[in-house]
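In: Here's a sequence, model it:
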Amino acid sequence: MENIALVVGSTGITGSNLAEELIAQNWTTYGLARNPGIPIKGLKTIQANLLNEESLSVALKDVCPTHVLFTTWMRKDNETENIIVNSTMVSNLLNALAPKKSVRHVALVTGLKHYLGPFEAYAKAGIWPETPVREEHPRLAYPNFYYAQEDAVYEAANRDHFTWSIHRPHTVIGYAIGNLMNMGITLAVYASICKETGAKFVWPGSAAQWNGISDVTDAKILAKQLIWASTAENARNQAFNITNGDVFRWKWLWEKIAAYFGIEADGYDGSIRPLEKEMADKEDIWGRMAAQYGLKESNLHRLTSAWHTDLDLGRPLEVMTDMSKSRKYGFTAFESTEDSFVSLFQKLKQEKIIP
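Out: Model prediction:
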């Protein structure tokens, strides 16, 4: 039976890498996005607004996917608004597809906020999850749009009789431009500015993150797990953590990133030095660099998301993920985290995003 994928959020880090992997595995692949962006060879693009039911109905009129892979979200001013908007996007899409009766599986990408809760929970209230975080951990007693998205999937699955999988990555590293949460490209741009200006590569985060054990998720590894869980019988109706499979300490990786760019690393000095503040006045510098080196994007804010990097690296606790469940169920893909960053940096240079 033919597999027809609908990648929702096909312009993001997760969605674009997933679309490329699906196409490489000979799936018929549609990509839905509000703004289609740079074309991916072999991807059938669909332009639609997930908050507009009429827009979805028109755009999906001739599309009958067997697998829906939902990789996008929208950031609002507070969690109440996040819950309303992000659950509505999931519900609207699945409602639009329901009459077709073609969907066999829905995969939803969320993240470790499922375990950590809002920043206020672990930074101010001091409610820290037991690490490494495991899929069996119960939901926290805090509003969380990930829970609302999950519930929207469960409700539609009960109604329309498809299977589902939930995927919880930790800091996705991969190539995509204009993404809300993009640590890899943010650090690459910051390091490039440091090299240009002769400044030190200053660690912006906490002591716990600098010294503690951590992990990240290569977008290509996440893509492989999404496809595996969408087709493996024993992975049906399960939630899975997903990281590269190795662990590291930032004080080691920070030096590695600095060495790659040929700059001097400045580690934790006893205080948090936010990257958002450091990058606040760098628009003109980046504009000059873009002109001098012929870079494709001169708008610093389309490349970087310093606020998100600060949230990740500023956490006052060690965060790492247990991958035992995935391994037990048969998913064995692995990626070196150092290689994830290096391959991204090489791609950014090749595409003339950084010098």
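In: OK, contacts around S206?
Out: The contact partners of S206, taken as Cβ atoms under 8 Å, 6 or more residues apart in numbering, are Y268, I272, L313, G314, R315, P316. Where you see a C-beta, it was placed from the backbone N, CA and C, and this is true even at glycine.
In: Skip the chain neighbours and tell me the closest residue to R236.
Out: T163 (4.1 Å; Cβ to Cβ, 6 or more residues apart in numbering).
In: Look at V106 and give its secondary structure.
Out: strand (DSSP: H, G, I helix; E, B strand; the rest coil).
In: By mean pLDDT, flag the weakest helix or strand of the protein.
Out: In the chain, the helix or strand scored least confidently by mean pLDDT, DSSP states H and E is helix 119-123, which has a mean of 66.
In: Report the buried members of the contacts of S206.
Out: Y268, I272, L313, G314, R315, P316 (16 or more other Cβ atoms under 10 Å).
In: Run through the strands of the stretch 51-200 of the chain in chain order.
Out: Per DSSP state E, counting those that start in this stretch, the stretch 51-200 of the chain carries strands over the ranges 67-70, 105-109, 163-169, 172-173.
In: State the distance from C64 to D160.
Out: Counting by Cβ to Cβ, to the nearest Å, the separation of C64 from D160 is 13 Å.
In: any idea which of the buried ones among the contacts of S206 is closest to P132?
Out: Among these, R315 lies closest to P132 (Cβ to Cβ), at 14.4 Å.
In: Surely that closest one is in contact with W210?
Out: No. With contact defined as Cβ atoms under 8 Å, R315 does not reach W210; the gap is 10.8 Å.
In: Against I353, how distant is W73?
Out: The value you get for W73 to I353, if Cβ to Cβ is used, is 23 Å.
In: Next: L112.
Out: Distance from L112 to I353, by Cβ to Cβ: 27 Å.
In: What segments of the stretch 1-150 of the chain are helices?
Out: Along the stretch 1-150 of the chain, counting by DSSP state H, counting those that start in this stretch, helices occupy 13-24, 53-59, 79-97, 113-116, 119-123, 145-160.
In: got the contact list for the longest one?
Out: The one in question is helix 79-97. With Cβ under 8 Å, 6+ apart as the test, helix 79-97 has contacts from 6, 8, 32, 50-53, 56-57, 60, 65, 68, 70, 72-76, 103, 106, 108, 118, 142-145, 148-149, 151-153, 155-156, 160.
In: Restricting to C-alpha, output it in PDB.
Out: Written as PDB, here are the backbone C-alpha positions of helix 79-97 (Å, rounded to 0.1, in the frame of the first residue of the first chain):
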ATOM      1  CA  GLU A  79       0.800  29.800  27.800                       C
ATOM      2  CA  THR A  80      -3.000  30.200  27.800                       C
ATOM      3  CA  GLU A  81      -2.800  31.700  24.300                       C
ATOM      4  CA  ASN A  82      -0.200  29.000  23.300                       C
ATOM      5  CA  ILE A  83      -2.700  26.300  24.300                       C
ATOM      6  CA  ILE A  84      -5.600  27.800  22.400                       C
ATOM      7  CA  VAL A  85      -3.700  28.400  19.200                       C
ATOM      8  CA  ASN A  86      -1.500  25.300  19.000                       C
ATOM      9  CA  SER A  87      -4.300  22.800  19.900                       C
ATOM     10  CA  THR A  88      -6.600  24.600  17.400                       C
ATOM     11  CA  MET A  89      -4.000  24.100  14.600                       C
ATOM     12  CA  VAL A  90      -3.900  20.400  15.200                       C
ATOM     13  CA  SER A  91      -7.700  20.000  15.500                       C
ATOM     14  CA  ASN A  92      -8.300  22.100  12.400                       C
ATOM     15  CA  LEU A  93      -6.000  20.000  10.300                       C
ATOM     16  CA  LEU A  94      -7.300  16.600  11.500                       C
ATOM     17  CA  ASN A  95     -10.900  17.800  11.100                       C
ATOM     18  CA  ALA A  96     -10.200  18.900   7.500                       C
ATOM     19  CA  LEU A  97      -8.800  15.400   6.700                       C
END
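In: Measure how far it is from the centre of its chain, please.
Out: Here the centre of helix 79-97 is set off from its chain's centre by 18 Å, with Cα atoms, centre = their mean, to the nearest Å.
In: Work out which residue lies at the spatial centre of the protein.
Out: The residue lying closest to the centre of the chain (Cα atoms, centre = their mean) is V172, at 4.2 Å.
In: between the helices of the stretch 1-150 of the chain, which one is nearest to N182?
Out: helix 13-24 (6.4 Å).
In: mean confidence for that closest one?
Out: Per-residue pLDDT over helix 13-24 has a mean of 97.
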